[in-house]
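[1] Make a model of this:
(one chain, ligands or ions: 1)
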Amino acid sequence: MVQLETQRLIMRQWCDDDIKPFAAMNQDARIMEFFPFVLNGEESAQMIEIFCERMQQPGFLYLPVIEKATGSFIGMVNLTPVAFEAHFTPAFEIGWRLAFDFWGKGYATEAAKGLIEYGFSELNLGEIVSFTVIGNKRSSAVMERLGMTYEGEFDHPGLPPENPLRRHALYQIIRAL
Ligand SMILES: CC(C)(COP(=O)(O)OP(=O)(O)OC[C@H]1O[C@@H](n2cnc3c(N)ncnc32)[C@H](O)[C@@H]1OP(=O)(O)O)[C@@H](O)C(=O)NCCC(=O)NCCS
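    As a prediction, the model looks like this:
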């Protein structure tokens, strides 16, 4: 079972107490602005089950992020194989989603740094990508703070041409030798 720790955060396995705050996050329009869907409470609970199932396979990590100081669930990070084909796949992607009250504290960058270190040192990955909808400046800013390099734009193949969320910015980080 993977458990990661940074200065202010713990990333651990899911537990029942995470369902409520995870569901609240997935129904918050400020958080879901750049997602093509929102999830109701039941769908969020099912999503956690799917995460746990997928994590049985090596290399799939979907981890809740806990604030050490309070024990609060503050969001999630993931490090997983990219689930579609594109010019940069096969590849591992990193992602993040935080509850609104925990934005602006450096937590997404801190959690992602821990996960990238794990990906390089324990999963032996050579590189990790991340991507986000062009307008999602906060997410691109996390990628830049992590030292990822901008690799251009692409159309997300999972979204139809008319969808305004289709165009994405791609970033990459390569393991130092
Ligand atoms: C994307 C997302 C995780 C970014 O959150 P964020 O709070 O902007 O990013 P961080 O947690 O890295 O915090 C960085 C900010 O904290 C500030 N900060 C405050 N205290 C800090 C500290 N001790 N250490 C580091 N940074 C700190 C930084 O200066 C920075 O502020 P700024 O945005 O005003 O420049 C968040 O906006 C989110 O969950 N969005 C919705 C979901 C989403 O779109 N996910 C991405 C899909 S691709």
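
[2] Pick out the residue in this structure sitting closest to the ligand.
    As assessed by C-beta to the nearest ligand atom, the ligand sits closest to residue 106 within the chain, at 2.2 Å. Just so you know, the C-beta spots here come from the backbone N, C-alpha and C atoms, and that holds for glycine as well.

[3] Any idea how many residues pack against that residue?
    By other C-beta atoms under 10 Å, 14 other residues sit near residue 106.

[4] Phi and psi next, for it.
    Phi and psi for residue 106, reported as degrees, to the nearest 10, are phi 80, psi 10.

[5] gap between it and residue 69?
    Distance, residue 106 to residue 69, using C-beta to C-beta, to the nearest Å: 14 Å.

[6] next one: residue 23
    Distance, residue 23 to residue 69, by C-beta to C-beta: 23 Å.

[7] Between those two, tell me which one has more neighbours.
    Using other C-beta under 10 Å, the more surrounded residue of residue 23 and residue 69 is residue 23, with 19 against 8.

[8] wait, doesn't the more buried one sit right on residue 39?
    Yes - in this structure, residue 23 is within contact of residue 39 by C-beta atoms under 8 Å, at 7.2 Å.

[9] in the chain, which spans are helices?
    Taking DSSP state H to define them, one finds helices in the chain at 19-26, 41-54, 107-121, 137-145.

[10] In TSV, list those along with mean pLDDT.
    Converted to TSV, these look like this (pLDDT from 0 to 100):
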stretch	mean pLDDT
helix 19-26	97
helix 41-54	97
helix 107-121	98
helix 137-145	98
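
[11] among these, which is the most enclosed?
    helix 107-121 (a mean of 20; mean count of other C-beta atoms under 10 Å).

[12] gap between stretch 161-168 and the chain center?
    20 Å (C-alpha atoms, centre = their mean, to the nearest Å).

[13] any residue of that stretch up close to the ligand?
    No - using C-beta under 6 Å from any ligand atom, stretch 161-168 stays clear of the ligand, with a minimum separation of 8.4 Å.

[14] Let me see the residues that make contact with that stretch.
    The contact list for stretch 161-168, computed with C-beta atoms under 8 Å, 6 or more residues apart in numbering, reads 34-36, 131-134, 153-156, 159-160.

[15] repeat for stretch 138-156
    With C-beta under 8 Å, 6+ apart as the contact definition, stretch 138-156 has outside contacts at 34, 84, 86-88, 96, 103, 108-109, 112-113, 116, 129-134, 161, 165-173.
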